[in-house]
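Peer 1: predicted model and sequence below, questions to follow.
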Protein chains: 2
Amino acid sequence: MVTSRADAAALDAASPLRERRELFDLPDGVVYLDGNSLGALPRNVAPRMQEVITREWGTGLISSWNTADWVGLWRRVGAKIAPLIGVSGDDVHVGDSTTVTLFKTLTAAARLRPRHRVVVLEPTTFPTDGYVAAGVARTLGLELRWCDPADPAASLDEDVALLALTHVDFRSGAMYDMAALTAAAHDVGALVQWDLCHSAGAVPVSLVEADADIAVGCTYKYLNGGPGSPAFSWVHPRHQEAWDQPITGWFGHARPFDMDRDFTPADGITRMASGTPSVLALSALDAALDVFDGVAVDVLREGSLSLTDLFIALVDERLGSVFEVITPREQGRRGSQVSLRHDEAYGVVQALIERGVVGDFRTPDVARFGFAPLYVTHADVYDAVDHLVEVMARDEHLRPSYAVRNAVT
Amino acid sequence: MVTSRADAAALDAASPLRERRELFDLPDGVVYLDGNSLGALPRNVAPRMQEVITREWGTGLISSWNTADWVGLWRRVGAKIAPLIGVSGDDVHVGDSTTVTLFKTLTAAARLRPRHRVVVLEPTTFPTDGYVAAGVARTLGLELRWCDPADPAASLDEDVALLALTHVDFRSGAMYDMAALTAAAHDVGALVQWDLCHSAGAVPVSLVEADADIAVGCTYKYLNGGPGSPAFSWVHPRHQEAWDQPITGWFGHARPFDMDRDFTPADGITRMASGTPSVLALSALDAALDVFDGVAVDVLREGSLSLTDLFIALVDERLGSVFEVITPREQGRRGSQVSLRHDEAYGVVQALIERGVVGDFRTPDVARFGFAPLYVTHADVYDAVDHLVEVMARDEHLRPSYAVRNAVT
């Protein structure tokens, strides 16, 4: 039971992750609870980027495609992500934006089930997932079916080609049971695709064990790849031979340097590649992922739950009548964030930012706090709630300037 | 008439571009004639990236989407490219890979001409242009028609939705007459899309003046944005209101932070955006483009033609019986590269690289030399031909190790 900042600090001192925070370059005086939106900067990114820019690009020039193996860079990055999502390092592609990657996987998935014309998704998903699915549906003549977020399986039937779900909800932080929903989709002959944007690097994901078909995730949240860093995708090996993604480019060709006029897809996950990926963006991500070296996913999860448990307990105790905790209290249904509902959530978030506690606002009434277990401490949690108590006691969230709302993911 | 290295150096001393080379960080002892594949490193990229990484990302964290205006970064980059291609800065999008961008523009272009079912392209185009067009054609039920590269207009008829041509050929360096072919396409009711990968930043491009419809180009060649830097696209304002690209994501939404469930495209070129772009990749490109500040496109072109004229003249004079110059000698039909045909072109290129003269090989028999006018000098050209003469005189191109071929764009 934590009743003081010293209690919180004692939990940090005993944590197996206690030395990890030093791997990040966090500004002084900031409690950063927005790593679920943009991860903090790992210390090794800046020196690695200087090396890539000045030595690999500046000195090596074109030869670095071979000598620095830029050609294989996306594979090395994918292999680093693989253990965090429970798959083989040979089956992960990294390269395009999350939206572009979703477009490719949704199209290819639908092509695996040509006699099924429905894509099921849930209406509280991150909006761009819906936008891109709508674009795919229109292009391919599919139907979108919006399910009940509390019971996606109820929307499954034999018309369904694909169930496309976000594993951890971006707004509430609620987490689906991946294995159970995957089995339900398979029962009707549908495939399942998991959006791991709010999962990878923070909660255990076991795609192979859950028998999932496809996964896509972003790398700039808990994977700390930097703003707009490239997304990853995974396709179960059983689908790779028939996998037919629509953006056929030379990086996905079986023999790109033969310069054949006709396209022949490469084997395996390589056919997910389209054009030349950004070497700078991939290199930053490659360096960033080193912070996970030697950390078991279960240890990450224990750290995350300890932080979110503490935050919920302190909010309940000190502000229980003021905020509604909309994130599941049940550990097994919780991601690595806690969301609080309040009519003036925008002002609450802004007032906290003024005090150096960075969370974010999600329309219409949600204050969101992410707990990246590698660099957020129990002392941070304690301080954040302290500030929150003071904000509410002083009505700082009601400042007139907060009447105009603005937010970025 | 250049008859000595001193003559070449005198041309450099008199060039209006003579101080530009200092803006680049080129390795000592290298004559870099591969800027048509990967542009050299502008000196301001490394310090700018340190700033973006440590201050904007590391210290600013999520707030930098607003305070550093990461949201508007792609627009600022697009506005810097615009004068190099003869368009308004409001009409250029930058963000995805070239292949992904081509996929979006080809699909949207076909949707503008729904009763026309043919896309005309030329078989010597860079292969990925054909691969992605084939993917689009298959998805939309279109037909690809391969034209005679010497006369694309002969393949135009009223079935044609789109003529998709590469302005400067990647292998030969031959340049099409943009205005004439655009007019020919319009005569049959077709649209025209120009691939500017080997044009932008090296030859004058006047898309609006030529009345073109759509253009796409990469930024890592003559625009020096770094390996795999994001591509640009331009859509004529007359097509923007009906423009309907397939990868609908939140960055192309009219009000992304309303988090609506349904997609409403933004006005203008913004609807070309899909997901969150790489801020690191865009920032490197943003910095790199500063080397063009204050340089008129015509001055670039004069510099480029002076270099390619000299290279062709020296090869003719000293190696005229050994190499066939396959690049047009007529200035108006020449890009900013010169390509030489030789049965052992691969060995020739490798032997030159051993001597510090970097060109590249294109299958099956082409040695390609790019002349980026901002940093290649007439002295470089003189030295390169000197080395080429020595390579051939000593049969260095016939080394057994060059029997195994390998090449990267």
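Peer 2: Yep, that arrived.
Peer 1: what segments of chain A are strands?
Peer 2: With DSSP state E as the criterion, chain A has strands at A:31-32, A:92-94, A:118-121, A:143-146, A:160-166, A:191-195, A:214-217, A:232-235, A:324-325, A:337-341, A:357-358, A:360-362, A:366-370.
Peer 1: chain B contacts on the stretch 201-350 of chain A?
Peer 2: Applying Cβ under 8 Å from any Cβ of the partner chain, one finds that the stretch 201-350 of chain A approaches chain B through A:218, A:220, A:226-231, A:246-251, A:253, A:256-263, A:274-282, A:284. Just so you know, the C-beta spots here come from the backbone N, C-alpha and C atoms, and that holds for glycine as well.
Peer 1: low-confidence stretches in chain A?
Peer 2: Residues of chain A that meet the criterion pLDDT under 70 lie in A:404-409.
Peer 1: what residue lies at the spatial centre of it?
Peer 2: Nearest to the mean C-alpha position of chain A, by Cα atoms, centre = their mean, lies residue A:197 at 2.1 Å.
Peer 1: from chain B, how far out is that one?
Peer 2: Relative to chain B, residue A:197 is positioned 11 Å away (Cβ to the nearest Cβ, to the nearest Å).
Peer 1: is it true that that residue touches residue A:169?
Peer 2: No: Residue A:197 is not in contact with residue A:169 according to Cβ atoms under 8 Å; the separation is 10.3 Å.
Peer 1: overlap of the contact sets of these two?
Peer 2: Counting by Cβ atoms under 8 Å, 6 or more residues apart in numbering or on different chains, residue A:197 and residue A:169 have no contacts in common.
Peer 1: which residue sits closest to the residue in the stretch 201-350 of chain A positioned nearest to chain B, ignoring its sequence neighbours?
Peer 2: Nearest to chain B in the stretch 201-350 of chain A, going by Cβ to the nearest Cβ, is residue A:275, at a distance of 2.9 Å. By the measure of Cβ to Cβ, 6 or more residues apart in numbering or on different chains, the closest residue to residue A:275 outside its immediate chain neighbours is residue B:99, 2.9 Å from it.
Peer 1: which residues touch that neighbour?
Peer 2: Here residue B:99 is in contact with A:247, A:249, A:250, A:251, A:274, A:275, A:276, B:128, B:131, B:132 (Cβ under 8 Å, 6+ apart).
Peer 1: run a quick neighbour tally on the fourth one.
Peer 2: Here the neighbour count serves as a burial measure; for residue A:251 (other Cβ atoms under 10 Å in any protein chain shown) it reads 24.
Peer 1: so it makes contact with residue A:271?
Peer 2: No: using Cβ under 8 Å, residue A:251 is not in contact with residue A:271, being 9.5 Å away.
Peer 1: report the separation between the residue nearest to residue A:275 and residue B:351.
Peer 2: 32 Å (Cβ to Cβ, to the nearest Å).
Peer 1: likewise for residue A:175?
Peer 2: Residue A:175 sits 60 Å away from residue B:351, going by Cβ to Cβ.
Peer 1: again, but for residue A:350
Peer 2: 64 Å.
Peer 1: verify the contact between residue A:68 and residue A:60 for me.
Peer 2: Yes: between residue A:68 and residue A:60 there is a contact at 5.9 Å, judged by Cβ under 8 Å.
Peer 1: one step back: for the closest residue to the residue nearest to the centre of chain A other than its chain neighbours, give me its contacts.
Peer 2: Nearest residue to residue A:197, sequence neighbours excluded (Cβ to Cβ, 6+ apart): residue A:218, at 4.4 Å. Going by Cβ under 8 Å, 6+ apart, residue A:218 touches A:98, A:197, A:229, A:231, B:276.
Peer 1: distance of residue A:218 relative to residue B:355?
Peer 2: 45 Å.
Peer 1: and for residue A:178?
Peer 2: For residue A:178, the distance to residue B:355 - Cβ to Cβ - is 57 Å.
Peer 1: higher neighbour count, those two?
Peer 2: Counted by other Cβ under 10 Å, residue A:178 and residue B:355 do not tie: residue A:178 has more neighbours, with 24 against 18.
Peer 1: could you find the closest non-adjacent residue to the more buried one?
Peer 2: residue A:210 (4.4 Å).
Peer 1: quick one: contacts of the longest helix anywhere in chain A?
Peer 2: Counting by DSSP state H, the longest helix found in chain A is helix A:297-319. Outside helix A:297-319, the residues that touch it by Cβ under 8 Å, 6+ apart are A:2, A:8, A:11, A:15-17, A:83-84, A:201-205, A:323, A:325, A:327, A:329, A:331, A:334, A:336-338, A:340, A:369, A:371, A:373-374, A:376, A:378, A:381-382, A:384-385, A:388-389, A:392.
Peer 1: which ones among the residues you listed lie within helices?
Peer 2: Among those, the members falling in helices (DSSP H) are A:8, A:11, A:83, A:84, A:378, A:381, A:382, A:384, A:385, A:388, A:389, A:392.
Peer 1: so what's the fifth one up against?
Peer 2: When contacts are counted by Cβ under 8 Å, 6+ apart, residue A:378 touches A:2, A:8, A:9, A:11, A:12, A:15, A:306, A:307, A:310.
Peer 1: residue contacts, the first one?
Peer 2: Yep, that's residue A:2 we're talking about. A:8, A:11, A:310, A:313, A:314, A:378, A:382.
Peer 1: could you do the third one as well?
Peer 2: For residue A:9, the residues meeting the contact criterion (Cβ under 8 Å, 6+ apart) are A:377, A:378, A:379.
Peer 1: dump these to a markdown table, plus distance to residue B:36.
Peer 2: As requested, the contacts of residue A:9 are arranged in a markdown table below (distance: Cβ to Cβ, whole Å):
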| residue | distance to residue B:36 |
| --- | --- |
| A:377 | 51 |
| A:378 | 56 |
| A:379 | 55 |
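Peer 1: name the nearest of those residues relative to chain B.
Peer 2: Comparing these against chain B with Cβ to the nearest Cβ picks out residue A:377 as the nearest, at 16.5 Å.
Peer 1: run a quick neighbour tally on the residue nearest to the closest one when sequence neighbours are not counted.
Peer 2: Once flanking residues are discounted, residue A:377 sits nearest to residue A:12: 4.6 Å by Cβ to Cβ, 6+ apart. Here the count is done by other Cβ under 10 Å, and residue A:12 has 20 residues near it.
Peer 1: against chain B, how distant is the closest residue to residue A:214 other than its chain neighbours?
Peer 2: In this structure, residue A:214 finds its nearest non-sequential neighbour in residue A:193, 4.1 Å apart by Cβ to Cβ, 6+ apart. Distance, residue A:193 to chain B, using Cβ to the nearest Cβ: 16 Å.
Peer 1: which ones are touching residue A:193?
Peer 2: A:105, A:106, A:109, A:162, A:163, A:164, A:165, A:212, A:213, A:214, A:215, A:216.
Peer 1: beta partners of the last one?
Peer 2: Just to be clear, that refers to residue A:216. Assessed by DSSP bridges, residue A:216 has beta-bridge partners residue A:195, residue A:233.
Peer 1: same deal with the fourth one?
Peer 2: Partner residues in beta bridges with residue A:162, using DSSP bridges, are residue A:119, residue A:191.
Peer 1: wait, isn't residue A:185 in contact with residue A:160?
Peer 2: Yes: counting by Cβ under 8 Å, residue A:185 touches residue A:160, with 7.3 Å between them.
Peer 1: appreciated, that's everything.
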